[in-house]
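> A structural model of the following input is requested.
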Amino acid sequence: MWVAPPLGTRTAELLEAPIMLAIGVLALALMLTFEFTVVLWLRGWTLAEYYESRDPVSGTVYEIMLGVFAIMPLLAARWLKRGSDPT
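Reported below is the predicted structural model:
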């Protein structure tokens, strides 16, 4: 809102991208911290036991989804920008 008029839309969006990614990575870190502390503590597992308990297919999908979760703010910003772009 304040950056785009003097610098242009493209520059403003490029400046915003690292901030959005950082927010996504921060959210991922908080989620994993919770899972690796509280969840493992409640189940009484070690980290090795946690990984051994994961199904190879659903565990891989879960890890991919964590990556998507981390970049979701960037994807959402692009999607919202595309929806509001008059061109």
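> Only C-alpha atoms from now on, for both contacts and neighbour counts.
Will do.
> got a list of what the residue nearest the centre of the chain touches?
Closest to where the C-alpha atoms of the chain average out (CA atoms, centre = their mean) is residue 70, at 1.4 Å. The neighbourhood of residue 70, defined by CA atoms under 8 Å, 6 or more residues apart in numbering, consists of 21, 24, 25, 26, 27, 28.
> That one and residue 77, how far apart?
Computed with CA to CA, to the nearest Å, the distance linking residue 70 and residue 77 is 13 Å.
> Overlap of the contact sets of these two?
Common neighbours of residue 70 and residue 77, using CA under 8 Å, 6+ apart, do not exist here.
> how far is the lowest-mean-pLDDT helix or strand in the chain from where the chain is centred?
Least confident element among the helices and strands of the chain, by mean pLDDT, DSSP states H and E: helix 56-84 (a mean of 84). Relative to the mean C-alpha coordinate of its chain, helix 56-84 is positioned 6 Å out (CA atoms, centre = their mean, to the nearest Å).
> Stretch 34-41 now?
So, by CA atoms, centre = their mean, the centroid of stretch 34-41 is 19 Å from its chain's centroid.
> Now do that stretch: everything it contacts.
Contact with stretch 34-41 is made by 46, 47, 50, as judged by CA under 8 Å, 6+ apart.
> mind redoing it with 10 Å?
Counting by CA atoms under 10 Å, 6 or more residues apart in numbering, the neighbours of stretch 34-41 from elsewhere in the structure are 28, 29, 30, 32, 33, 42, 44, 45, 46, 47, 49, 50.
> Narrow these to those in helices?
By the criterion of DSSP state H, membership of those in helices covers 28, 29, 30, 32, 33, 42, 47, 49, 50.
> I'd like to know which of those residues are buried.
With neighbours counted by 16 or more other CA atoms under 10 Å, the ones in helices among the contacts of stretch 34-41 contain buried members at residue 28.
> Return the member of the ones in helices among the contacts of stretch 34-41 nearest to residue 4.
Nearest to residue 4 among the ones in helices among the contacts of stretch 34-41 is residue 28, at 28.5 Å by CA to CA.
> returning to what we had before: which of the contacts of residue 70 sits closest to residue 64?
Checking those against residue 64 by CA to CA gives residue 28 as the nearest, at 12.1 Å.
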